[in-house]
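J.: Task: produce atomic coordinates for the following.
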Amino acid sequence: MGFGRFFVELVAAVIVSVVVSLSVLFGLFYVLSHPERFGQYIDLPFLTMQQAPAPAAAPPPPTIATAPATPATTSTPTGTQPAPAQPVSGATAASQDSIVIGTGGVTGVYYPSGGAICQMVNRLKADLGISCARESTKGSVYNIETIRSGGLDVGIAQSDWQFHAYRGTDRFADAGAYTDLRALFSLHSEPFTVVARADAGISVFEDLQGKRVNVGIPGSGQRGTLELLMAELGWDMSVFAEAMEIEPSEQSNALCEGEIDAFVYTVGHPSSAIQEAMATCDSVLVDVSGPAIDNLISTRPYYATAVIPAGLYRNHDKDVTTFGVKATVVTSARLREATAYGVVKSVFENLERMRRMHPSFSTLEAASMITDGISVPLHNGAQRYFREAGLL
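T.: Now for the predicted structure:
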C-alpha cells in the first residue's frame, strides 16, 4: 500500500514539473516573439534587432561629385521616403515606422549608445508609432556610407567624419559631397586613445614606431583618425613592425596575449574594451600630444584637446592628455520628419534616464547636444522638436 501511494505521488510530481516547465518555456517564447511589448520595461535591442528587416543591399556609391544620388524608393528602409515630409503631427504620420541605428563594435560605446536610444524610442512606441533596433557595424564611416545608400536609417558617427561626408572631403572625396546628411544631436566626447602593454616601452605616441600595432579595421573611425594623425607626422604603415586590422572586440585579448604591443581606439570612457585590457594584463594609457596634435586641433574645428581622467581603470592613476571628437547621431534628409521628431523627443524627454544608462552619458546636457560636434544641418524633425522645447 505504501509503495502504491509513493508511486502516485511520484507521478503527480512529474506531471507538475512538466506543466511548470512548459509554462516557463511558453512564457519565454512569448517574450522573444513580442519584443515590442516588453521594450518599455527592459532593454531588448538584441531582440528587436532580430525582428527588424535586414538592411537593403547597398548600391554603389555615387560617382558624380556635384550632387549625391537619391536611392530609389524601393531600396530605402521603412523609416525613410524619397523626400522629407512637410510638418505633420505625432504618431499618425509616423505609424508603422521601424528604424535601424548603425552603431559600432559591441565592446565600444557606440553599441550601448544605440541600445540606449532604441530603448528610449521603444518606451514611447505606443505614442510615437516608431520601433527601433540597433545594429553592430564597422563604425562611423561605414554608418554614413550605408545611410547614404539606403541601408540604414540612422547612425552614430564621429564629428570629424560627419564634417567630411557633408563636404565630400577626405575619405568621401570619391563619392562626392553628401549634402543630404543631417544631424539629430550629439552625444559623448571621444578621446583618441592609445593602450599599450606596460612592458612594450611605449610612453608617448611616437614610441609606436617599430611596434606591432592594431590600427583598426578599414572604414572605422579609429582607423581614419589614426591615418590623419600619421599623415600629419609624415608616417605611413611601414613605420610599424606590424600593422594589424583586428576587430575592436578582439583587440584587448590580442594585447594581453602578446600578439600586439598596442592598439588605438577612438571611444568614450570608460570603455569595456579598455577596461578588459587594463584589468586582464599590465597595460597603460599613452599620452598623445605635441606639435602635430596642436596643428590638427588648430586647423580642424571638429577636434579639441581631451583628457582621460585618472581613476577610470585599474592602475590608471594619472590624467592622460590626448585629443578627440564628439559622437554624433546622423541620418538622411530622406528620413520622415515625424520619425526624426519622435526619435529626438524620446531621447530629450528621457535625458535623466539616459544619463544613468552609461557612464559616458553622465555629462550630457540638452543645450550642448544640439551644437557640439554638429557641422551639418539639423534634420527638420529635430529642429521642430528643439523649437517646441525652447532650445532653438
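J.: Which secondary structure state is assigned to the closest residue to R171 other than its chain neighbours?
T.: Using C-beta to C-beta, 6 or more residues apart in numbering and skipping the chain neighbours, the partner closest in space to R171 is V141 (5.7 Å). Glycine gets a C-beta too; all of them are placed from N, C-alpha and C. With DSSP: H, G, I helix; E, B strand; the rest coil as the basis, V141 sits in helix.
J.: I'd say V141 and Q222 touch.
T.: No. The criterion here is C-beta atoms under 8 Å, and V141 misses it with Q222 at 10.4 Å.
J.: Neighbour count: these two, which is higher?
T.: In this view V141 and Q222 are compared by other C-beta atoms under 10 Å, and Q222 has more residues nearby, 27 against 24.
J.: how about the closest residue to that one other than its chain neighbours, secondary structure?
T.: Spatial nearest neighbour of Q222, excluding adjacent residues (C-beta to C-beta, 6+ apart): G216 at 4.0 Å. At G216 the chain is in coil, as set by three-state DSSP.
J.: residues in contact with G216?
T.: Q222, R223, L226, E245, I246, P248, F263, V264, Y265 (C-beta atoms under 8 Å, 6 or more residues apart in numbering).
J.: any idea how far the residue nearest to R171 lies from N350?
T.: According to C-beta to C-beta, to the nearest Å, V141 and N350 sit 29 Å apart.
J.: and if you look at V215?
T.: For V215, the distance to N350 - C-beta to C-beta - is 37 Å.
J.: In terms of neighbours, single out the busier of the two.
T.: Neighbour comparison, V215 and N350: the larger count goes to V215, with 23 against 17 (by other C-beta under 10 Å).
J.: Pretty sure the more buried one sits against R223.
T.: Yes. With contact defined as C-beta under 8 Å, V215 and R223 form a contacting pair (5.9 Å).
J.: Give me the common contacts of these two.
T.: In contact with both V215 and R223: E245, using C-beta under 8 Å, 6+ apart.
J.: Any idea which residue is closest to the centre of the chain?
T.: The residue lying closest to the centre of the chain (C-alpha atoms, centre = their mean) is Y110, at 2.4 Å.
J.: who touches it in this structure?
T.: Taking C-beta under 8 Å, 6+ apart, one finds T103, G104, G139, I156, A327 in contact with Y110.
J.: Would you quantify the distance from the closest residue to the last one other than its chain neighbours to R355?
T.: Which is A327. Spatial nearest neighbour of A327, excluding adjacent residues (C-beta to C-beta, 6+ apart): L187 at 4.3 Å. For L187, the distance to R355 equals 11 Å [C-beta to C-beta].
J.: joint contacts of the two?
T.: F361, L364.
J.: between those two, who's got more neighbours?
T.: Shown here are L187 and R355; by other C-beta under 10 Å, L187 has more neighbours (25 against 16).
J.: hang on, the more buried one in a strand?
T.: Yes. Assessed by three-state DSSP, L187 belongs to a strand.
J.: Doesn't E232 belong to a helix?
T.: Yes. E232 forms part of a helix when assessed by three-state DSSP.
J.: Walking through the protein, point out its strands one by one.
T.: 97-102, 130-135, 154-158, 181-197, 212-214, 242-244, 262-266, 283-286, 304-308, 320-332 (DSSP state E).
J.: Tell me the confidence at G210?
T.: In this model, G210 is scored at 97, pLDDT.
J.: In terms of pLDDT, where does E36 sit?
T.: 43.
J.: now do S89
T.: S89 is given a pLDDT of 36.
J.: go on, P218?
T.: Reported pLDDT for P218: 89.
J.: ok, now E349?
T.: 95.
J.: picking that back up, now the residue nearest to the centre of the chain: closest residue in space, sequence neighbours ignored.
T.: G104 (3.4 Å).
J.: shouldn't the one you found be in contact with G115?
T.: No. G104 is beyond contact range of G115, at 11.7 Å (criterion: C-beta under 8 Å).
J.: neighbour-wise, which of these two wins?
T.: Using other C-beta under 10 Å as the criterion, G104 and G115 rank with G104 on top: 30 against 23.
J.: quick one: the helices in the stretch 201-350 of the chain?
T.: 221-233, 248-256, 272-280, 291-299, 337-348 (DSSP state H, counting those that start in this stretch).
J.: Which secondary structure elements does the last one sit against?
T.: This means helix 337-348. Where contact means 3 or more C-beta pairs under 8 Å, 6 or more residues apart in numbering; DSSP states H and E, helix 337-348 is packed against helix 90-94, strand 97-102, helix 110-123, helix 125-128, strand 130-135, strand 181-197, helix 380-388.
J.: R148: which of the ones you listed is closest?
T.: strand 181-197 (7.5 Å; C-beta to C-beta).
J.: can you give me the angle that closest one makes with strand 154-158?
T.: 50 degrees (axes from the mean of the first three to the mean of the last three C-alpha atoms, to 10 degrees).
J.: Just the C-alphas of strand 181-197, formatted as PDB.
T.: Extracted in PDB, the C-alpha atoms of strand 181-197 (Å, rounded to 0.1, in the frame of the first residue of the first chain):
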ATOM      1  CA  LEU A 181      23.300  64.300 -44.500                       C
ATOM      2  CA  ARG A 182      21.500  65.600 -41.400                       C
ATOM      3  CA  ALA A 183      22.200  65.600 -37.700                       C
ATOM      4  CA  LEU A 184      19.800  64.800 -34.900                       C
ATOM      5  CA  PHE A 185      22.000  65.500 -31.800                       C
ATOM      6  CA  SER A 186      25.500  64.800 -30.400                       C
ATOM      7  CA  LEU A 187      26.400  62.500 -27.500                       C
ATOM      8  CA  HIS A 188      29.600  62.000 -25.500                       C
ATOM      9  CA  SER A 189      33.200  63.100 -26.200                       C
ATOM     10  CA  GLU A 190      35.500  60.500 -27.800                       C
ATOM     11  CA  PRO A 191      39.200  60.800 -27.000                       C
ATOM     12  CA  PHE A 192      41.700  59.200 -29.300                       C
ATOM     13  CA  THR A 193      43.100  56.600 -27.000                       C
ATOM     14  CA  VAL A 194      46.300  54.500 -27.200                       C
ATOM     15  CA  VAL A 195      46.500  51.400 -25.000                       C
ATOM     16  CA  ALA A 196      49.900  49.700 -24.700                       C
ATOM     17  CA  ARG A 197      51.400  46.700 -22.900                       C
END
